[in-house]
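Trainee: quick one, what's the 3D model for this:
(chains A and B, ligands or ions: 2)
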Amino acid sequence: MNKNIQRCGISIQTMGVMMVLLGVISLGLFSFDRAPGGGGAAGKDSAASVRAFAEVYKVLKSPRCMNCHPSGDQPLQGEDSHVHTMNVQRGEDGKGLYALKCSNCHQSKNVPGLHTPPGNPKWQLPPADMKMVFQGKDAHELAKQIMDYNQNGHKNKAQLIEHARDTLVKAAWRPGEGRKLPPLSYPAFLKAWDAWIGNGGYAPGGH
Amino acid sequence: MINLNVNGKAFQVSAEPDMPLLWVLRDLLHLTGTKFGCGVAQCGACTVHLNGEAVRSCITPVSRAVGKRVVTIEGLSTDHLHPLQQAWLELDVPQCGYCQSGQLMSAAVLLKEKPDPTDADIDAAMSGNICRCGTYPRIKKAIKEAAKLQKENTHA
Ligand code: FES
Ligand code: FES
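Mentor: Ligands and ions are numbered 1, 2, ... in the order given. From the prediction side, this is the model:
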C-alpha cells in the first residue's frame, strides 16, 4: 500500500496534511450551513433530520392536520377523513363559497358540545393556487413539498419554524369535543419539527 | 347591554356575550321568522346575514354581531319584492315552510356573488340547507327564475 501511494507521488505526510485541511474546510462549511438556516436546532445531520420527520409525518397525516389539506377541493371531516358534508368547497381563497364559507359555521373558538364545529379565527383550507396537499402523499413527497418554497406558501426555513407556532396549527391540539388529538403532544411535535428543519429539512428515501 | 344593528334598526339588548344570536333575534327581539332546527350548525334553518355573509345564528355568539349589520328574513326586502321572494311565490316553493327563511337567506348570498348561477353553483351554495319536505327541485328552479328576474330588474 505504501508502495502504491508513493507511486502516485503522494507521501503519507502529504496525505496527513490534506486530511487535516479537508477537516478544516468541512468544519467551515458546516458552520456556514447552519448560520442562515436558523431555527435553533443544531446544523445539518441528515440522519437526525429524517428521524425527526418520521415523527412529524405521523402528525401531518392525522385527521386533525390532513382534513384541511385534502387532495380534492373539499375539506375532510372526522377520524375517517370523509368528505365534509354539505358539499363544502375550497373556493379561490380557501375560505369556502357563497353561503357555505368556513366562518359561517366555524367561529373564532370551539363551540361547546359533542361534534359541534371547531373554531379558530383563521379557519380555512389552503388557497386554490397553493393547495399544499397532505392527503395521499408519502413521507418522501410530503417532506419535499414542505421544504419547497414554491409549494409551501413561499416560506423559508425560519418561516417554516415559525409556522408550527401558528394559531391554526395549534388548533389541532384543541380539536373540540368528540375528536381525537394528533398522535404526538404539541411540545413533542414542535421538537420534532424544529429538529427536522434545523438539521437540514431532509426527506426520507423515495420509493 | 349589547348594541346591535338588525334590519337597519338599532337595538339594545341585555344578554351574555356568548348567547347565540338566534336566541337574541327570536326571544329578545321577537323576530321569529328565523327558525331553530338543530342548534349545531347542521341544518341551515337559522341562517341570517352578518355583513352580507350567511352565518348560522344558532352557533354564532351575539358578541360577533356587535358593530356589524344583521339582516334576517324580515329585512331581506322592505316590500317583499326581492327577486327570490317573487320567484318563491311564483313557483310555490315551500311545503311546511320551516326551512324556507334559511333557504332564502342562503340563496340571497349566492345571487349576490354569482348573479348567473349554474347547477353546480347552486349545489355549492345550498347543500347546507336541509329541507325535510324535500322541496329541493323547486328551490333550484326558483333560484334560476330569481336570477332571471334580477337581471331584468338591473337592465330595466
Ligand atoms: S339551527 Fe342553526 S344550523 Fe340548524
Ligand atoms: S319546506 Fe318543510 S322543511 Fe323545507
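Trainee: which residue is the nearest non-sequential neighbour of the residue nearest the centre of chain B?
Mentor: When CA atoms, centre = their mean is applied to chain B, the residue found nearest the centroid is B:M105 (2.0 Å). The shortest distance from B:M105 to any non-neighbouring residue, by CB to CB, 6 or more residues apart in numbering or on different chains, is to B:T47 (4.3 Å). C-beta here means a position set from N, CA and C on the backbone, and glycine is covered the same way.
Trainee: looking at that neighbour now. What's its pLDDT?
Mentor: B:T47 carries a pLDDT value of 98.
Trainee: then A:G39?
Mentor: Looking at A:G39, the pLDDT reads 42.
Trainee: same question for A:I10.
Mentor: On the pLDDT scale, A:I10 gets 46.
Trainee: remind me, longest helix of chain B?
Mentor: Assignment by DSSP state H gives helix B:136-155 as the longest helix of chain B.
Trainee: just how off-centre is that one within its chain?
Mentor: 16 Å (CA atoms, centre = their mean, to the nearest Å).
Trainee: next up, identify which helix or strand the residue nearest to the centre of chain B is on.
Mentor: B:M105 is part of helix B:100-113, with elements assigned from DSSP states H and E.
Trainee: pull that helix out as PDB, backbone CA atoms only.
Mentor: Once non-C-alpha atoms are left out, helix B:100-113 reads as follows in PDB (Å, rounded to 0.1, in the frame of the first residue of the first chain):
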ATOM      1  CA  GLN B 100     -87.500  28.400   3.900                       C
ATOM      2  CA  SER B 101     -86.300  31.500   5.600                       C
ATOM      3  CA  GLY B 102     -82.900  29.900   5.900                       C
ATOM      4  CA  GLN B 103     -83.000  28.700   2.200                       C
ATOM      5  CA  LEU B 104     -83.800  32.300   1.100                       C
ATOM      6  CA  MET B 105     -81.100  33.900   3.100                       C
ATOM      7  CA  SER B 106     -78.500  31.400   1.700                       C
ATOM      8  CA  ALA B 107     -79.800  31.800  -1.800                       C
ATOM      9  CA  ALA B 108     -79.600  35.600  -1.500                       C
ATOM     10  CA  VAL B 109     -75.800  35.400  -0.800                       C
ATOM     11  CA  LEU B 110     -75.500  33.100  -3.900                       C
ATOM     12  CA  LEU B 111     -77.300  35.500  -6.200                       C
ATOM     13  CA  LYS B 112     -75.300  38.500  -4.900                       C
ATOM     14  CA  GLU B 113     -72.000  36.800  -5.500                       C
END
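Trainee: now do that helix: which elements does it pack against?
Mentor: For helix B:100-113, the packing partners by 3 or more CB pairs under 8 Å, 6 or more residues apart in numbering or on different chains; DSSP states H and E come out as strand B:47-50, strand B:53-56, helix B:83-91, helix B:119-126, helix B:136-155.
Trainee: kindly reformat these as a markdown table containing mean neighbour count and distance to A:P70.
Mentor: Shown next, in a markdown table, are these (neighbours: other CB atoms under 10 Å in any protein chain shown; distance: least, CB to CB, whole Å):
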| stretch | mean neighbour count | distance to A:P70 |
| --- | --- | --- |
| strand B:47-50 | 26 | 25 |
| strand B:53-56 | 25 | 23 |
| helix B:83-91 | 19 | 32 |
| helix B:119-126 | 19 | 16 |
| helix B:136-155 | 17 | 26 |
